[in-house]
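> Starting from these lines, generate the structure:
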Amino acid sequence: MTSIRNKLIKNFLIVVISTVIILDILMIIFFKEYYYNNRQEFLTSQIESSINFYDKYFSSQTLIQNIYDNIDSFWNNINAQVEILDPSGKLLMDSIGIRDNELLHTPDIAKAMNGETARWVGKSDYYKGKIMIVSHPIITNGELNGIMRVISSLEDIDNTINSFIVLFLVISFIVILIGLILSILMAKSIVDPIKSITKVAKKMAGGDLNVKSSIYNNEEITQLSNTLNYMASEIEKREKLKNDFISSVSHELRTPLTAIKGWVITLNDDATDKDTLKMGFDIIEKETDRLTIMVEELLDFSKLVSGIVQLSKRSVDIISFVTHIDNYMKPRALNEGINFTVDISENVYKGFFDYNKMKQVLINILDNAFKFTDKEGKVILLVDQNEDCVKFTIIDTGIGISSEELPRVKEKFYKGKNSNSKNGIGLSICDEIIKLHKGTFNIESELGKGTSVKITIPNIKEEK
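Take a look at the predicted model:
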């Protein structure tokens, strides 16, 4: 498998080499066109000068007569091969006395016949390297009188361009070498921090959550490093919560088990009287019920977090539902001296939710409200409804929750500092059930003044 370092170097080099090649090609094309255009302009100016001289002094005679009588006038000032063609393209004169039939069929002649100045670049048997031919029409009194062609060797220009190409290749090699060095350095600056983070991640995977990654290379890698540190701190925090939860559950399990074992020993004595037997059996029954509730909570929590639980939603008469909750909690309220009231708005009718699961949620939250509210305190259940949702609000005048603990009370396994706090999964179960209903669960509290719990359940009348 190719390493990231090699991939980065390879990709960097591809970019550098591609850029250098493209620039080299563009520069060579530019220099070639620049020098060729300069040569064409120079030859064109010489042709025009010769034609102007012809028009001024020899235009009274025919072209063929001037060639015989004043032949030097056409190439006297031109340091190149000169050809004169008649209007049909037939060669009349060549300054060096060579007739190359292939050069008499180049496209520049046809263009010159149409009154254009044309250029052709190619090769000839009697020139070393490339040549340039510039053809210019000779027009007298508005009519084509002939064609003047100048043939020039491009050997000097091509030599100059080749020198530039060699220079470009040397520069390109140096640029690619520098690019390679920079690619290695850049790859190193990216890969080394990743290797460092990988080592830290392996140590964390081995159980050492105290190790931290301290990489401040660039924004993305720094963010990765910080995320890894955050993940480790969260795992460590949840590990602590889990251990605290196990400790708490173990303690709560030990208490009823100790009581049950103690009373079993006591009741096993033949000298135990009837009243003691009755009291012992009552305590054993209560402690057994307490253990059963704890086990059921643990099972419910396990099912909820693993996604096994499926809601059984149905249309529910909310007034009947809340009345049942009221009747269920009233005896406890009277027994503990707490003023418990239920207020149902006039617009409340039917909802669509899991009857038993929502009953579990409300009873669990009311249980907490009773548990943390002193005698003669108040607990209020408000029920309201609109077209979108059903709203349950539970308000108590209890001891409240501190600002430090409030953001964490719904966390899994979190147990509050108050001695009345249990195993830390009751509110987590409520939160999971409300999430399954796609509802909201908000807790507002102030230490010493009480708590307000607001639950909204979407009023979905049908679902697929």
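> which parts of stretch 373-388 are buried?
Applying a neighbour-count criterion of 16 or more other Cβ atoms under 10 Å, one finds T373, G377, V379, I380, L381, L382, V383, D384, Q385 buried in stretch 373-388. (Each C-beta comes from the backbone N, C-alpha and C, glycine too.)
> Phi, psi for the spatially most central residue of the chain please.
Among the residues of the chain, the smallest C-alpha distance to the mean C-alpha position (Cα atoms, centre = their mean) belongs to E220, namely 10.9 Å. Note on E220: its backbone torsions stand at phi -70, psi -50 [degrees, to the nearest 10].
> Now do the strands for the stretch 301-450 of the chain: every range, in order, please.
In the stretch 301-450 of the chain, strands defined by DSSP state E, counting those that start in this stretch lie at 313-317, 339-344, 350-354, 378-385, 389-396, 440-446, 450-458, listed in chain order.
> Tell me where this structure has helices.
Applying DSSP state H to the chain gives helices spanning 4-57, 63-69, 107-113, 155-205, 219-267, 274-306, 318-336, 355-371, 426-436.
> what stretches of the stretch 351-464 of the chain score poorly on pLDDT?
412-424, 460-464 (pLDDT under 70).
> how's the chain carved up into domains?
4-159, 219-306, 313-458 (automatic domain parsing).
> Let me have those in CSV, extended by distance to G179.
As requested, the domains of the chain are exported to CSV (distance: least, Cβ to Cβ, whole Å):
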stretch, distance to G179
domain 4-159, 3
domain 219-306, 23
domain 313-458, 52
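> just to revisit the earlier point, worst average pLDDT in the helices of the chain?
By mean pLDDT, the lowest-scoring of the helices of the chain turns out to be helix 63-69, with a mean of 70.
> about what we covered before: S189 versus the residue nearest to the centre of the chain, what's the distance?
Applying Cβ to Cβ, to the nearest Å, one obtains 12 Å for the distance of E220 from S189.
> Then I363?
I363 sits 60 Å away from S189, going by Cβ to Cβ.
> Same question for T44.
For T44, the distance to S189 equals 57 Å [Cβ to Cβ].
> So which of these two has more stuff around it?
Neighbours per residue (other Cβ atoms under 10 Å) separate T44 from S189, with T44 holding more: 16 against 13.
> quick one, phi psi at the residue lying closest to D431 once chain neighbours are set aside?
Distances taken as Cβ to Cβ, 6 or more residues apart in numbering place K410 nearest to D431, at 4.7 Å, with adjacent residues excluded. Backbone geometry at K410, expressed as degrees, to the nearest 10, gives phi -90, psi 0.
> which residue sits closest to V322, ignoring its sequence neighbours?
Distances taken as Cβ to Cβ, 6+ apart put V383 closest to V322, at 5.3 Å, once the chain neighbours are dropped.
> ok, what's across the strand from that neighbour?
According to DSSP bridges, the residues that bridge with V383 are I344, F392.
> Isn't it up against D343?
Yes. With contact taken as Cβ atoms under 8 Å, V383 and D343 are classed as touching, separated by 7.1 Å.
> thinking again about what came up before, looking at the strands of the stretch 301-450 of the chain, spot the one closest to E236.
With Cβ to Cβ, the closest approach to E236 among these belongs to strand 440-446: 25.4 Å.
> Surely K313 is in contact with K357?
No. Contact criterion Cβ under 8 Å: K313 and K357 do not qualify, at 9.2 Å.
> Quick one: end-to-end distance for stretch 264-277.
Using Cα to Cα, to the nearest Å, the end-to-end distance of stretch 264-277 comes to 10 Å.
> what does it contact?
Contacts of stretch 264-277 with the rest of the structure, by Cβ atoms under 8 Å, 6 or more residues apart in numbering, involve G280, F281, I284.
> want to throw those into a markdown table with neighbour count?
Formatted as a markdown table, the entries for those read as follows, by neighbours: other Cβ atoms under 10 Å:
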| residue | neighbour count |
| --- | --- |
| G280 | 19 |
| F281 | 12 |
| I284 | 18 |
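> now those residues in CSV, with distance to N327?
Below are the contacts of stretch 264-277 laid out as CSV (distance: Cβ to Cβ, whole Å):
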residue, distance to N327
G280, 31
F281, 28
I284, 28
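> between the residues you listed, which is closest to W120?
I284 (116.2 Å).
> so who does the closest one touch?
Here I284 is in contact with A259, I260, W263, V264 (criterion: Cβ under 8 Å, 6+ apart).
> Could you work out the most separated pair of the residues you listed?
Across those, the longest distance by Cβ to Cβ is 9.6 Å; it joins A259 and V264.
> which one of these two has more residues nearby?
For A259 and V264, the more surrounded residue by other Cβ under 10 Å is A259, and the numbers stand at 17 against 11.
> so the more buried one touches I283, yeah?
Yes. Using Cβ under 8 Å, A259 and I283 qualify as a contacting pair, with a distance of 6.2 Å.
> can you pull the alpha-carbon coordinates of stretch 176-191 into PDB?
Written as PDB, here are the backbone C-alpha positions of stretch 176-191 (Å, rounded to 0.1, in the frame of the first residue of the first chain):
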ATOM      1  CA  ILE A 176      11.800  20.300 -10.900                       C
ATOM      2  CA  LEU A 177      14.700  19.600  -8.600                       C
ATOM      3  CA  ILE A 178      13.600  22.400  -6.300                       C
ATOM      4  CA  GLY A 179      10.000  21.200  -6.500                       C
ATOM      5  CA  LEU A 180      11.100  17.700  -5.500                       C
ATOM      6  CA  ILE A 181      12.900  19.100  -2.400                       C
ATOM      7  CA  LEU A 182      10.000  21.300  -1.500                       C
ATOM      8  CA  SER A 183       7.600  18.300  -2.100                       C
ATOM      9  CA  ILE A 184       9.600  16.200   0.300                       C
ATOM     10  CA  LEU A 185       9.600  19.000   2.900                       C
ATOM     11  CA  MET A 186       5.900  19.700   2.500                       C
ATOM     12  CA  ALA A 187       5.000  16.000   2.700                       C
ATOM     13  CA  LYS A 188       7.200  15.700   5.800                       C
ATOM     14  CA  SER A 189       5.400  18.700   7.400                       C
ATOM     15  CA  ILE A 190       2.000  16.900   6.800                       C
ATOM     16  CA  VAL A 191       2.900  13.300   7.400                       C
END
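> Off-centre distance for it?
When C-alpha coordinates are averaged (Cα atoms, centre = their mean, to the nearest Å), stretch 176-191 and its chain have centres 25 Å apart.
> next one: stretch 14-24
Its chain's C-alpha centre lies 29 Å from the corresponding centre of stretch 14-24 when counted by Cα atoms, centre = their mean.
> Start at 297, not 1
Will do, 297 is the new start, and the previous item becomes stretch 310-320.
> surely C685 meets K734?
No. Under the contact definition of Cβ under 8 Å, C685 does not touch K734, with a separation of 9.9 Å.
> Fine by me, thanks again.
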